[in-house]
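Chemist: model this:
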Amino acid sequence: MFHELMNRIHGRTAKVGVIGLGYVGLPLAERAGRVGFSVLGFDVSPMRVAQVNRGESYIGDVSSDALATLREAGRIEATTDVRRMAECDILVICVPTPLNATREPDMRFVEAASENVAASIRPGQLVILESTTYPGTTRELIMPRIERSGLKVGEQIFLAFSPERIDPGQTSSKGYSVENTPKVVGGVTPHCTELAGAFYGYITSRVVPVSSPDVAELTKLFENIFRAVNIALVNELALLCDRMGIDVWEVIDAAATKPYGFMKFTPGPGLGGHCIPIDPFYLTWKARAYDLTTRFIELAGEINSQMPRHVHDLVVRALNRARKPLNGSTILLLGIAYKPDVDDYRESPAFKVYDLLTADGATVIPCDPHITQFELHDGRCMQTVPLTDELLRQCDCAVIITNHRAFDYERIVTLAPAIVDTRNATRNIQGELRTKITVL
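Modeler: Numbering: from 1, shown residues only. Take a look at the predicted model:
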């Protein structure tokens with residue numbers, strides 16, 4: 001089984017199944033097709049499946065031209081029929097791993113995908129989990145399900161974990177994509193690691209094998225916890241600098257001139273995206289099983305969760321200068337996406353800021369050049385509006401949540417009566433206009 005599958009991988013005759021065609025799955029599917037594999041994508045959304053089969057991309061990091069080319073060549077197809085997983089030699093699970101209402105891991109999507117894989121498992125298949133999760137998931141949740149078939153992992157079937165490292169929007173801005181971001185791979189057995197490593201060797205420029213799925217699972221969590229803790233540190237510094245009357249951005253820029261021993265992080269209105277606000281809680285939850293409290297991680301979460309309230313307070317301060325109450329004021333929320341130049345608004349801090357401002361009686365108008373509509377936490381669907389000169393003049397305060405390059409910041413500062421800048425996007429604006437700006 002091992003040698004036959006290895007030969008199929010190296011000959012690129014292995015059929016690759018990608019389960020979940022979202023921000024992680026679709027770029028992987030496109031890359032696998034581009035390097036010569038035949039790809040079958042699975043998704044619960046008939047709309048997504050239809051778009052892929054029309055060669056239309058709905059993910060910013062995958063172009064419709066690239067997808068259409070693969071469709072014309074017959075190297076990619078999408079389906080909702082999970083029974084077709086039996087056709088695939090390699091199955092890669094790329095489904096969401098959110099938190100539930102009590103901030104504990106919600107494994108429903110991984111469990112459902114695992115059950116679908118188990119229902120069609122056959123000898124000679126390689127199963128890889130890419131979804132970010134707690135250490136032990138691959139062994140404890142997926143392996144028992146697929147071994148119910150009587151097939152032995154490491155002998156007739158193969159199982160590994162390789163964490164996704166997708167950073168939406170970075171393909172164009174920083175040049176990091178599926179093809180040049182190293183992949184960590186940990187298999188249940190050495191043969192599992194070898195097969196998964198061989199497959200990813202065609203996908204990316206570097207494969208980093210580790211001793212187990214547990215190591216690979218913890219590696220991904222550590223990467224994101226590192227960022228969350230350092231962001232919390234600089235957010236706390238921003239709160240202190242605000243009290244002390246010191247420009248935190250000047251402090252950070254000065255510290256960043258040190259050529260060693262310092263890594264630049266910047267403050268903001270709160271954490272966003274599918275990874276940084278969520279992944280640390282996967283480890284704090286798992287740590288409780290070992291009677292350990294992860295204090296650094298939990299403290300970082302507390303600090304980062306304070307930032308939307310700080311933005312609310314800065315808006316109140318900006319309005320106070322004009323002797324206006326927040327209640328009854330019109331606030332422009334500039335940017336709904338969680339990061340610049342993307343349409344991804346998962347876990348965006350804009351939502352919490354929106355809730356805090358509206359709870360105190362403000363009328364909040366969302367503007368985002370990359371997003372036409374979005375869903376609030378309570379399920380309500382909201383429309384964004386174009387940022388017009390009239391809107392800027394008529395608002396009481398404009399709040400820069402996301403520093404999209406599409407925004408004309410000089411125009412914003414010139415026309416709006418007050419600005420709260422949470423990203424230091426207006427750093428280059430000087431002179432009299434500077435007096436309008438309240439910076440985080």
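Chemist: neighbouring strands of the helix or strand where Gly186 lies in the sheet, and parallel or not?
Modeler: Following DSSP states H and E, one finds Gly186 within strand 183-187. According to DSSP bridges, strand 183-187 forms sheet pairs with strand 158-161 (antiparallel), strand 207-209 (parallel).
Chemist: check which residues of stretch 110-121 are buried.
Modeler: Val110, Ala113, Ser114, Asn116, Val117, Ala118, Ser120, Ile121 (16 or more other CB atoms under 10 Å). Glycine gets a C-beta too; all of them are placed from N, C-alpha and C.
Chemist: and stretch 81-100, by the same measure?
Modeler: Neighbour-count burial for stretch 81-100 [16+ other CB under 10 Å]: 82, 85, 88-97, 99.
Chemist: among those, which lie within strands?
Modeler: Secondary structure assignment by DSSP state E places Ile90, Leu91, Val92, Ile93 of the buried residues of stretch 81-100 in strands.
Chemist: follow-up on the earlier one: figure out which of the strands paired with strand 183-187 is closest to Leu221.
Modeler: Of all the strands paired with strand 183-187, strand 158-161 sits nearest to Leu221, with 11.7 Å by CB to CB.
Chemist: for this structure, give me the ranges with low pLDDT.
Modeler: 169-174 (pLDDT under 70).
Chemist: show me how it divides into domains.
Modeler: 2-211, 232-439 (automatic domain parsing).
Chemist: which one of those domains is the most hemmed in?
Modeler: Per residue and on average, the most neighbours among the domains of the chain fall to domain 2-211, with a mean of 19 (mean count of other CB atoms under 10 Å).
Chemist: quick one: end-to-end distance for that domain.
Modeler: Length of domain 2-211, first residue to last, CA to CA, to the nearest Å: 18 Å.
Chemist: can you tell me which of the domains of the chain comes nearest to Leu221?
Modeler: domain 232-439 (4.8 Å).
Chemist: re earlier: redo the ones in strands among the buried residues of stretch 81-100 as CSV? Include distance to Glu217.
Modeler: Shown next, in CSV, are these (distance: CB to CB, whole Å):
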residue, distance to Glu217
Ile90, 19
Leu91, 18
Val92, 15
Ile93, 13
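Chemist: ok, back up a step: among the strands paired with strand 183-187, which comes closest to Leu299?
Modeler: Of all those, strand 158-161 sits nearest to Leu299, with 28.3 Å by CB to CB.
Chemist: pull the residues that contact that closest one.
Modeler: 1-2, 5, 125-130, 137-138, 142-143, 146, 153, 185-189, 191-193, 195-196, 213, 216-217 (CB atoms under 8 Å, 6 or more residues apart in numbering).
Chemist: starting at the chain centroid, how far to that strand?
Modeler: 23 Å (CA atoms, centre = their mean, to the nearest Å).
Chemist: give me the three-state assignment for Tyr260.
Modeler: Classification of Tyr260 by DSSP: H, G, I helix; E, B strand; the rest coil places it in coil.
Chemist: does the residue located most distally from the centre of the chain sit in a helix, a strand or a coil?
Modeler: Centroid-distance maximum for the chain: Arg323 at 39.8 Å, with CA atoms, centre = their mean. Three-state call for Arg323 (three-state DSSP): coil.
Chemist: where does Ile336 land in three-state SS?
Modeler: Per three-state DSSP, Ile336 ends up coil.
Chemist: strands of the stretch 201-350 of the chain, start to end?
Modeler: 207-209, 330-334 (DSSP state E, counting those that start in this stretch).
Chemist: make JSON lines out of those and add distance to Leu28.
Modeler: Converted to JSON lines, those look like this (distance: least, CB to CB, whole Å):
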{"stretch": "strand 207-209", "distance to Leu28": "14"}
{"stretch": "strand 330-334", "distance to Leu28": "33"}
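Chemist: looking at those, which is closest to Ala50?
Modeler: Here strand 330-334 is closest among the strands of the stretch 201-350 of the chain (CB to CB), at 32.7 Å.
Chemist: what pairs with the closest one, and is each one parallel or antiparallel?
Modeler: strand 363-367 (parallel), strand 397-400 (parallel).
Chemist: which residues touch it?
Modeler: Contacts for strand 330-334 (CB under 8 Å, 6+ apart): 315, 350, 353-354, 357, 362-368, 387, 391-392, 394-402, 404, 407, 412, 416.
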